[in-house]
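1. with the input below, show me the fold.
(one chain, ligands or ions: 1)
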Amino acid sequence: ASLLNRDELMFSYKGILYPITICSAEAFKALESFEARSDDVILAAYPKSGTNWLRRILIDLIAISQKKTPGEEGSGNAEKPEEIPYLEVGDPEKYERMTKLPSPRFMATHLYPENLPTSIFRNKVKILLLIRNPKDVATSFFHFSNGVAIFPSYETWDDFFTDFMSKKVAWGCYFEYLSEWNKHIDKENIMTITYEELKENRALGVKNIAAFFGIPLTEEELQLVVERSSFRSMKKKSEKTHGTIGSILFRKGGVRDWKNLFSEDQNEKMDKVFEEQVAGTKLGKMLN
Ligand code: A3P
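-> As a prediction, the model looks like this:
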């Protein structure tokens, strides 16, 4: 069984693959000179680690901090500043347009830190880093890849596993991603949260995130954000918030679904790579 259309759907930039339909080398070039502001806010997460979950929480926290009642999210439009657009997605002119946006600007990114504009680190932009168990990330990525047109389709899980383990999926290798981000997490402008801890205690996670951004919350506001970020609530509204990909995006929303896909051999292989590259780091320990 061979994989389908990977070469047509992805291009390589600095050794990492990206989907050709939403990213471009021209935009990546333009991004290099992007001037971050010290009051920008960045949500950093590898694909499928719960980016849209954290976007939901952040969008609602922003509304509360602006004394608005959290409303419905729009269409998942990557251009709309109020929906926390992906920094690296879009046309090269978008960075010029972003200079006209009022502060604070919120953005999400799947990029390795070394591929982010250096001004982000120089200006000590606040970064919320979200990480997830790599086996669940791979599982989620496989299903998503087969469900949406921007990513290649795979005939078998085994084919996807091979690509995931050899840096042939979009946005690079998750193990490299983790070890690169690990170099930054001790900085005071970075907060790390795991998918699993948020899953276990959403209220605590939301509280910690709000505290990191200095947003005071009443008990009612906290409950509202917690309720609106439940998997059920987000899935129910997914067509409204994300259009047709909504039903694919909010798939299971749980932990350890990897057990339904991984063979014993694949499990051992991933454990070995994790052990060699990530386990000893702080991020690795958070995921253990
Ligand atoms: P699964 O495919 O395992 O269900 P991303 O937004 O980075 O693409 O990540 C998508 C993953 O986050 C999906 O995982 C999705 O179900 C999960 N997710 C989204 N909203 C969630 C929520 N409110 N609670 C738990 N998981 C959520």
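2. burial count for Tyr95?
-> Residues within reach of Tyr95, counting by other CB atoms under 10 Å, total 18. Quick note: C-beta positions are derived from backbone N, CA and C, even for glycine.
3. tell me who's in contact with it.
-> Neighbour list for Tyr95: 30-31, 33-34 [criterion: CB atoms under 8 Å, 6 or more residues apart in numbering].
4. ok, Tyr177 next?
-> Taking CB under 8 Å, 6+ apart, one finds 46, 112, 171 in contact with Tyr177.
5. can you tell me how far it is from Gln66?
-> Applying CB to CB, to the nearest Å, the value for Tyr177 to Gln66 is 32 Å.
6. per-residue pLDDT, Ala1?
-> pLDDT for Ala1: 37.
7. quick one: which of the contacts of Tyr177 has the most company?
-> Of the contacts of Tyr177, with other CB under 10 Å as the count, Tyr46 tops at 28 neighbours.
8. circling back: put the buried members of the contacts of Tyr95 into a PyMOL selection.
-> Here is the PyMOL command that selects the buried residues among these (16 or more other CB atoms under 10 Å):
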select buried, resi 30+31+34
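9. wait, which of the contacts of Tyr95 is closest to the ligand?
-> Leu31 (20.1 Å; CB to the nearest ligand atom).
10. for the host helix or strand of that closest one, packing partners?
-> Element membership of Leu31, judged by DSSP states H and E, is helix 25-32. Packing partners of helix 25-32 (3 or more CB pairs under 8 Å, 6 or more residues apart in numbering; DSSP states H and E): strand 10-13, helix 94-98.
11. near the ligand, which residues of the stretch 51-200 of the chain are found?
-> 51-53, 136, 140, 143, 199 (CB under 6 Å from any ligand atom).
12. make CSV out of those and add pLDDT, secondary structure and distance to Asn260.
-> Below are these laid out as CSV (pLDDT from 0 to 100; DSSP: H, G, I helix; E, B strand; the rest coil; distance: CB to CB, whole Å):
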residue, pLDDT, secondary structure, distance to Asn260
Thr51, 97, helix, 22
Asn52, 96, helix, 22
Trp53, 97, helix, 21
Asp136, 98, helix, 11
Ser140, 98, helix, 12
His143, 98, helix, 10
Lys199, 98, helix, 17
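13. returning to what we had before: name the surrounding residues that touch the helix holding Leu31.
-> Counting by CB under 8 Å, 6+ apart, residues outside helix 25-32 touching it are 11, 13-14, 87-88, 90-95, 115, 117.
14. could you identify the most distant pair in the residues you listed?
-> Lys14 and Glu93 (21.4 Å; CB to CB).
15. dump the helices and strands packed on helix 25-32 to a markdown table, plus mean pLDDT.
-> Output for these, formatted as a markdown table (pLDDT from 0 to 100):
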| stretch | mean pLDDT |
| --- | --- |
| strand 10-13 | 96 |
| helix 94-98 | 95 |
